[in-house]
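> How does the following fold in three dimensions:
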Amino acid sequence: MPPNSAQRAAVNKILLGFFRVMRANGVGQATAMIRIAMADADGQPWPIATLADFTGCDRKTVRAYLRKQLEAGAVERVAGGWRLTQLGVDQSASRFAAAWGDVDQDARALISRIAQPG
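Numbers count the residues shown, from 1 in each chain. Predicted coordinates for the structure are as follows:
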């Protein structure tokens, strides 16, 4: 069943709020999208081209992000692409938890309802 306009508006509010909070915590939208994709990969490597296509970021942005994170020890290059190190996983969890705590309570309640099966 396609979402109605009220549902779309609620989801948009949540996403915009999330990215606003991430930016306030020093994480830009492109960086947030790349990190979310990598954190959700469950340790599987991402080739640069695939990560760029998936996030909508250009390859130059993805490469710059990965170089910076490599120097910080948050990502590693492995056969098949790039993945988060344990440090990167821990940092992602910490940053997302901080951002989630700053998301409006009504938006969090809506996300919880949407996430319920059935």
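> Verify the contact between residue 89 and residue 39 for me.
Yes. Contact status for residue 89 versus residue 39: in contact at 6.8 Å, counting by CB atoms under 8 Å. In this view, the C-beta of every residue, glycine as well, is placed from N, C-alpha and C.
> could you say what helices and strands the helix or strand harbouring residue 91 packs with?
Using DSSP states H and E, residue 91 sits in helix 86-102. Counting contacts by 3 or more CB pairs under 8 Å, 6 or more residues apart in numbering; DSSP states H and E, helix 86-102 packs against helix 5-24, helix 29-39.
> go with 10 Å
With contacts defined as 3 or more CB pairs under 10 Å, 6 or more residues apart in numbering; DSSP states H and E, the secondary structure elements packing on helix 86-102 are helix 5-24, helix 29-39, helix 59-72, strand 75-78, strand 81-84, helix 105-115.
> in that helix, what's buried?
Of all the residues in helix 86-102, those buried under the rule 16 or more other CB atoms under 10 Å are 88, 91-92, 95-96, 99.
> what sits against the residue at minimal distance from the centre of the chain?
The structure's the chain has its C-alpha centroid closest to residue 36; by CA atoms, centre = their mean the separation is 2.2 Å. By CB atoms under 10 Å, 6 or more residues apart in numbering, the residues touching residue 36 are 18, 22, 55, 92, 96.
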